[in-house]
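Novice: sharing a sequence plus its predicted fold:
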Amino acid sequence: MFLHGTSEINEHGHLEIGGVDTVTLAKDYGTPLYIYDVALIRERARSFKQAFEKMGVRAQVAYASKAFSSIAMFQLVAEEGLSLDVVSGGELYTAIASGFPSSRIHLHGNNKSYHELKMALDHEVGCIVVDNFYEIELLKGLSTQYKRKIPVLLRVTPGVEAHTHDYITTGQEDSKFGFGLLNGQIEQAIETILNIEGIHLLGIHCHIGSQIFDTAGFVLAAERVFEKIKEWKESYSFIPEVVNLGGGFGIRYTEDDEPLPATYYVEQIVEAVKKHVNEMGINMPEIWIEPGRSLVGDAGTTLYTVGSKKTVPNIREYVAIDGGMSDNIRPALYQAKYEAVLANRVTEKHDKEVSIAGKCCESGDMLIWDLPLPEVKAEDILAVFCTGAYGYSMANNYNRIPRPAVVFVENGEAQLVVKRESFEDLIVNDLPLKTKITQK
Ligand SMILES: Cc1ncc(COP(=O)(O)O)c(C=O)c1O
């Protein structure tokens, strides 16, 4: 069994996280319940930041808030001195409401609306990561309303796609995001932006994928970007002050995953950039990265209560829990794999194989196939590890199942940071028919 962060087994044979007994948490807050190991989030944040500091490079580590966003999470990120990447009006609103310093907020998105852009500019966010020509036009119109020049990065698709251990050089930039790096689009975008009085072109952004366990893709992306920067220096006298190489650093979900330390990713990225900067004889740009999953993924654990069981003779045993694709859609959406234990009986032999079924009305709502557990009984507490990224943030109300509560644990204390949704919450936006209902 692999225990992440501060997770331990206590004297009652229960799983403990952040010095708090998870069985007690299940009793106090109910299930399904998302638990975040705050010390582990802090450790991850610091290791990225310190890696840049050690290399003497000016940098921003921006938390990709799509992985998990809430007021408390944003306050924690602010406390650790990170920046914040948001991709929608809703994420931006949450950030502002949390008191996050707006100068460290970066607005992303492939279809930002006029209102989202205006909201970001009214709050003087640190930068807008511009994705397409439509957005340039919107920003051009908006720029006349503000005194300061709008700081922007241009997002490029570098023709490098990284997945786990491999990267694919697509050559073609077939993506809904960003300006093609190799087909002339980015030059057109630079020329347009440089001619807009109210916009300041700060630099270039690219993001090559997610759950990446190798650094070759990042190095290649940096190489592609800098080949172009050499040309832009000549043609436009444009030298980026910022180069943002995105997120995507992999984490351990199961024993098949072998993540690299944050330091290693940072060293390789910095070395790659330094090499080109030295060749060109230009100033080192600020390097920005945007980790999401690697900051919160393995810090999250979800607790469920076991309910019904079904044995299909000679095939398998299904064990149903009180959540599923409504609180974690990743297994149904892209066959994501997880490890789990019985939190109330961790020390018992996990030597029976069962498959964990969600409670949603979908055959595809299976959380984990063929999971080794002890003989499972109703009311047992199942703890699924590594659910901290893209779990709660993708939670939904399918089958009108209320979304779970979220608790932060640290130094023996638990704090509720997102309340469980109630049935009343589910109908809060529903409106009855205008006409009087006649019972038939
Ligand atoms: C532009 C951008 N930056 C950062 C991230 C975060 O990626 P990860 O959570 O894999 O670190 C994403 C994820 O989709 C992204 O699209």
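Specialist: Thanks, I have the structure now. Residues are numbered from 1 along each chain as shown.
Novice: state the mean pLDDT of stretch 203-215.
Specialist: Averaged across stretch 203-215, pLDDT comes to 94.
Novice: just the endpoints, please. Distance across it?
Specialist: Its first and final residues considered, stretch 203-215 spans 22 Å by CA to CA, to the nearest Å.
Novice: make 210 the first number, not 1, from now on.
Specialist: Taking 210 as the first residue, the last one we looked at is stretch 412-424.
Novice: isn't residue 306 right up against residue 279?
Specialist: No: applying CB atoms under 8 Å as the test, residue 306 and residue 279 come out as separate, 10.2 Å apart. All C-beta spots, glycine's among them, are computed from the backbone N, C-alpha and C.
Novice: compare those two (neighbour count), which wins?
Specialist: Neighbour totals were compared for residue 306 and residue 279, and residue 279 leads with 19 against 10 (other CB atoms under 10 Å).
Novice: please name the residues that touch the residue lying closest to the more buried one once chain neighbours are set aside.
Specialist: Spatially, and ignoring its direct neighbours in sequence, residue 279 is nearest to residue 627 (5.2 Å; CB to CB, 6 or more residues apart in numbering). Residue 627 makes contact with 243, 279, 281, 601, 614, 615 under the criterion CB atoms under 8 Å, 6 or more residues apart in numbering.
Novice: distance to the ligand, pLDDT and secondary structure added to those, as CSV?
Specialist: Listed next are the contacts of residue 627 as CSV, based on distance: CB to the nearest ligand atom, whole Å; pLDDT from 0 to 100; DSSP: H, G, I helix; E, B strand; the rest coil:
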residue, distance to the ligand, pLDDT, secondary structure
243, 17, 98, strand
279, 16, 98, coil
281, 19, 98, helix
601, 14, 98, helix
614, 23, 98, strand
615, 18, 99, strand
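Novice: any low-confidence regions in this protein?
Specialist: Applying pLDDT under 70 to the chain flags the ranges 372-382, 646.
Novice: which residues touch the most centrally placed residue in it?
Specialist: By CA atoms, centre = their mean, the mean C-alpha position of the chain lies nearest to residue 276, the distance being 2.3 Å. Neighbouring residues of residue 276 by CB under 8 Å, 6+ apart: 501, 502, 504, 505, 506, 597, 598, 599, 602.
Novice: with residue 453 instead?
Specialist: Residue 453 makes contact with 338, 362, 412, 413, 414, 415, 496, 497, 498, 499, according to CB under 8 Å, 6+ apart.
Novice: partner residues bridging the fifth one?
Specialist: Spelled out, that is residue 414. Residue 414 forms beta bridges with residue 364, residue 453, as assigned by DSSP bridges.
Novice: you'd agree it is up against residue 338?
Specialist: Yes: look at residue 414 against residue 338 with CB under 8 Å: they come within range, at 5.1 Å.
Novice: just the helices in this structure please.
Specialist: Shown for the chain, the helices assigned by DSSP state H span residues 231-238, 247-263, 280-288, 298-306, 323-331, 342-352, 394-403, 425-445, 471-489, 502-505, 539-543, 632-635.
Novice: please identify the most buried of those helices.
Specialist: Neighbour counts (mean count of other CB atoms under 10 Å) averaged over each of the helices of the chain peak at helix 502-505, with a mean of 30.
Novice: and it, what does it pack against?
Specialist: In terms of contacts (3 or more CB pairs under 8 Å, 6 or more residues apart in numbering; DSSP states H and E), helix 502-505 is packed against helix 247-263.
Novice: distance-wise, check the residue nearest to the centre of the chain relative to the ligand.
Specialist: According to CB to the nearest ligand atom, to the nearest Å, residue 276 stands 5 Å off from the ligand.
Novice: for residue 265, same thing?
Specialist: 24 Å.
Novice: measure that residue to residue 290 for me?
Specialist: For residue 265, the distance to residue 290 equals 17 Å [CB to CB, to the nearest Å].
Novice: what about these two, which has more around it?
Specialist: Taking neighbours as other CB under 10 Å, residue 265 and residue 290 compare with residue 290 leading, 13 against 8.
Novice: tell me if I'm right that that one and residue 258 touch.
Specialist: Yes: in this structure residue 290 lies within contact range of residue 258 using CB under 8 Å: 6.5 Å.
Novice: if we can go back for a sec, out of the contacts of residue 453, which two sit at the greatest distance?
Specialist: Greatest spacing in the contacts of residue 453, by CB to CB: 338 and 496 (15.0 Å).
Novice: any idea how far the residue in the stretch 210-359 of the chain positioned nearest to the ligand is from residue 233?
Specialist: Per CB to the nearest ligand atom, residue 273 is where the stretch 210-359 of the chain lies closest to the ligand, at 3.5 Å. Using CB to CB, residue 273 is found at 32 Å from residue 233.
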